[in-house]
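Participant: sequence unknown, structure follows:
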């Protein structure tokens, strides 16, 4: 994101909360957190979760920024010291939320639930020990095997109370998360004041298969965000769990005004089908759903502000870098120049409101504007 | 669509071209257009195409306007005289484009290609005889069995030259129409100056199954439009067939600015994957793709104009009623009040530019504005 119409060259970013940082685990590092028989599948069988995306991005380092590879040769996102220097210190992060590398992605395993449950637990323990307890700035995501909701609830109960765990991560795979089958997960998240965070995994596979090109697949990721928000709202998740918050990661937010208006139109016409929905869908979204910024479409200040105005709230958008991935957004360059009060919200306060475990609000601009 | 913030109460609609009218065939009316063995499946076996949508709209007459049922009891859309009175005369249509009832929808038959081919031919002949040659105002869609592209080309060659056939209809089923497999269809359409028109059928079935509720399914229909436009553009259809036009029916147009910007962003990042695409995707969409208005989201003039401005063209939107369906849009009420020159385009000229077989442009407002 280097070539902006109105780049923010001031580098004047308020206390940054980065809502999407991908730390990466190597399977060998999970071994000590796995019991047998699960451990042996990794050590003896060299098992790893199969990924099916038939293409890759035409970028020199695959999914990662080429300069994010650890100097000792390990993949990007595996080393805390290197991430500290390249991201947290360089961008003056106040806080960063870890969202995992989606590999392993326990909730995306189709079948073999017990292995998925074991991997989720191992991942969480590894994350706490090697990341969350090593840097005050880092907060984490509870990985679960959502295909086994009762096991997922047990894992949320076990690790969710950790003071650095702020959300439960659900991948956008071929699940419709609003389904009552998953509601015990939302109940557990609500009990522990954990946000539900959704990040795409392999879909869109809209007709049960991938689109033909990576650029199509990548362009259409937000359609899965639209599906999941629609599904969560009309299934009544937010009526049933009024304290629940949902963060949609890495789909951007520019589609949100369209989706909110469309849902309202449909609700006016078809609300008899979903009598458990008592408010306009856009009101539900405004109260419960938040969106991360990355990947930012190119837009100038006027266009950016128009989207915020159409959303009817400036408290729904949270900045994210997607570090260390190839389409990383720099906090200094990704957004157009904005008013200080709005920057304070997007770069900092909106995320802090979403994550009650983060220290209380503090404005860099207090008394200035 | 009765309760508008700024309804156009002037009833001042320019020479109306309605780009989405659903005439409906009864299977028994196709019998005389079918040869055996196909005929016998309809007469003896009472075969009809299976539809799989597991729910329906909570409307008193199902998919139709309750007042559109023919007085003799036949379903809405089956009787030309009744449609004349209720739609063409009442709304002072200059022209209307028939898009079929999607039942039968030959391209949506999975398997049994020969029956699909026979049904497409029968439907086209019935449409010409009973509709296109019975009213000067009505123009038609060539139905094909696209799953057999060579047969589809033969049908386009056979019936496409009819002076009242203006487009080839593709249903948005679980096909990605940009696939080279279907390119012979686009070549034939281009040869005969026929627009490609896409109308949703059963999807979105995004993960291979339906969302849980009708309101979800209906809300998400435009995501299939996004998929198909993205797929057509990045597969290079419009580079290969520079004369081809694509009309996206019944998804509205409010998502178009978002999609165009998103595609441009992705093209900037990932164009190396699709070197056959030589222009910004938004430029391709502006030149080749058109959108019908129905179902209109509620918006005021300012919001409407902002969408048009973001599209970068006022020549991409064509009015449609979706008669006789339950969510019909009235030309007198669906749109906010607009400048005359823009109304002339949306209600009339944009469709006339799309369909060269329609008589040359004539402006109701010539010399007035």
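Facilitator: Arrived safely, thanks for sending. Note that the structure is a prediction, hence the values are computed from the model and not measured. Residues are numbered from 1 along each chain as shown, chains lettered A, B, ... in the order given.

Participant: I'd say residue A:326 and residue A:58 touch.
Facilitator: No - with contact defined as Cβ atoms under 8 Å, residue A:326 does not reach residue A:58; the gap is 9.6 Å. Heads up, the C-betas are built off the backbone N, CA and C, glycines and all.

Participant: More neighbours: which of the two?
Facilitator: Using other Cβ atoms under 10 Å in any protein chain shown, the more surrounded residue of residue A:326 and residue A:58 is residue A:326, with 20 against 16.

Participant: residue contacts, that one?
Facilitator: For residue A:326, the contacting residues are A:57, A:59, A:61, A:62, A:63, A:64, A:65, by Cβ atoms under 8 Å, 6 or more residues apart in numbering or on different chains.

Participant: mind listing the helices for the stretch 251-369 of chain A?
Facilitator: Assigned by DSSP state H, counting those that start in this stretch, the helices in the stretch 251-369 of chain A fall at A:256-270, A:281-288, A:301-311, A:340-344, A:350-354.

Participant: Could you point out which of the ones you listed sits nearest residue B:144?
Facilitator: With Cβ to Cβ, the closest approach to residue B:144 among those belongs to helix A:256-270: 30.3 Å.

Participant: Quick check: end-to-end length of stretch A:329-339?
Facilitator: 19 Å (Cα to Cα, to the nearest Å).

Participant: next one: that stretch to chain centre, how far?
Facilitator: 19 Å (Cα atoms, centre = their mean, to the nearest Å).

Participant: Over to stretch A:178-197?
Facilitator: That offset, for stretch A:178-197, works out to 15 Å (Cα atoms, centre = their mean).

Participant: buried residues in that stretch?
Facilitator: Neighbour counts over stretch A:178-197 (16 or more other Cβ atoms under 10 Å in any protein chain shown) mark A:178, A:182-183, A:185-190, A:192-197 as buried.

Participant: Could you do stretch A:326-343 as well?
Facilitator: For stretch A:326-343, by 16+ other Cβ under 10 Å, it's A:326-336, A:338, A:342-343.

Participant: And stretch A:104-123, by the same measure?
Facilitator: For stretch A:104-123, burial by neighbour count (16+ other Cβ under 10 Å) applies to A:104-109, A:112, A:115-123.

Participant: Would you mind listing the outside residues contacting that stretch?
Facilitator: Contact with stretch A:104-123 is made by A:25, A:27, A:30, A:33-35, A:38, A:41, A:48-49, A:100, A:102, A:143-148, A:151-152, A:155, A:158-159, A:169-171, A:173, A:175, A:201-202, as judged by Cβ under 8 Å, 6+ apart.

Participant: Stretch A:176-193 now?
Facilitator: By Cβ under 8 Å, 6+ apart, stretch A:176-193 touches A:144, A:146, A:149-150, A:152-153, A:156-157, A:160-161, A:167-168, A:170, A:175, A:194-196, A:198, A:227-228, A:231-237, A:240-241, A:243-244, A:356-357, B:207, B:211-212.

Participant: ok, of these, which come out buried?
Facilitator: A:144, A:146, A:149, A:152-153, A:156, A:160, A:167-168, A:170, A:175, A:194-196, A:198, A:227-228, A:231-237, A:241, A:244, A:357, B:207, B:211-212.

Participant: Residue A:167 and residue A:224: what is the separation?
Facilitator: 18 Å (Cβ to Cβ, to the nearest Å).

Participant: give me the subset of the contacts of residue A:326 touching chain B.
Facilitator: residue A:57 (Cβ under 8 Å from any Cβ of the partner chain).

Participant: the inter-axis angle of the longest helix anywhere in chain A versus helix B:214-234?
Facilitator: In chain A, with assignment by DSSP state H, the single longest helix is helix A:214-234. On the basis of axes from the mean of the first three to the mean of the last three Cα atoms, to 10 degrees, helix A:214-234 is oriented at 170 degrees to helix B:214-234.

Participant: And chain B, is helix A:214-234 touching that?
Facilitator: Yes - Helix A:214-234 is in contact with chain B by Cβ under 8 Å from any Cβ, via A:214-216, A:218-220, A:222-224, A:226-227, A:230-231, A:234.

Participant: Report the buried residues of that helix.
Facilitator: For helix A:214-234, by 16+ other Cβ under 10 Å, it's A:214-234.

Participant: Quick one: distance of it to the chain centre.
Facilitator: Helix A:214-234 has its C-alpha centroid displaced from the chain centroid by 13 Å (Cα atoms, centre = their mean).

Participant: list the helices and strands that helix packs on?
Facilitator: Where contact means 3 or more Cβ pairs under 8 Å, 6 or more residues apart in numbering or on different chains; DSSP states H and E, helix A:214-234 is packed against strand A:165-172, strand A:195-200, strand A:246-249, helix A:256-270, helix A:281-288, helix B:214-234, helix B:256-270.

Participant: at 7 Å instead, please
Facilitator: strand A:195-200, strand A:246-249, helix A:256-270, helix A:281-288, helix B:214-234, helix B:256-270 (3 or more Cβ pairs under 7 Å, 6 or more residues apart in numbering or on different chains; DSSP states H and E).

Participant: Next, count neighbours for the residue nearest to residue A:162 when sequence neighbours are not counted.
Facilitator: Nearest residue to residue A:162, sequence neighbours excluded (Cβ to Cβ, 6 or more residues apart in numbering or on different chains): residue A:128, at 6.0 Å. Other residues near residue A:128 come to 16 when the count uses other Cβ under 10 Å.

Participant: Give me the pLDDT for residue A:128.
Facilitator: Model confidence at residue A:128, given as pLDDT, is 98.
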